[in-house]
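**Student:** let me see the structure of the following:
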Amino acid sequence: VNVTIRGCTFRRVNGNGILLSGYNRFAMIEENEFSFVGDTAIASWGYTDENSGLNHAQPRFTTIRSNYAHDVGIYQLQSA
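**Tutor:** Next up is the predicted model:
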């Protein structure tokens, strides 16, 4: 809750650069650089109970701005 990732460099990460998984609120991801990331620069993943998202286990109110991603998805090693 209320996490900020700003001004970081993610280079040659063989899976996801940043993954928000499950319950996350008001994350701010801004002014980062992602290069030669094997899978996804930024991913957001939630969970449901059957067809209902009422368990609130999903990232919500996330702000992603002014990031620079290039050479993404070229080489991926095992990513969990």
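**Student:** who does the closest residue to His70 other than its chain neighbours bridge with?
**Tutor:** Counting by CB to CB, 6 or more residues apart in numbering, Ser35 is the residue found nearest to His70 once chain neighbours are left out, at 5.6 Å. Yep, even glycine has a C-beta here, placed from its N, CA and C like the rest. For Ser35, the beta-bridge partners under DSSP bridges are Arg11, His70.
**Student:** was I right to think Ser35 contacts Gly73?
**Tutor:** No - taking contacts as CB atoms under 8 Å, Ser35 lies outside contact range of Gly73: 11.7 Å.
**Student:** which one's more surrounded, the two?
**Tutor:** Ser35 (16 against 12; other CB atoms under 10 Å).
**Student:** what's the burial count for Asn2?
**Tutor:** Neighbour count of Asn2, defined by other CB under 10 Å: 9.
**Student:** which residues touch the residue nearest to it when sequence neighbours are not counted?
**Tutor:** Ranked by CB to CB, 6+ apart and with sequence neighbours excluded, the top spatial neighbour of Asn2 is Phe26, at 5.1 Å. Going by CB atoms under 8 Å, 6 or more residues apart in numbering, Phe26 touches Val1, Asn2, Val3, Phe61, Thr62, Thr63.
**Student:** many thanks, I have nothing further to ask.
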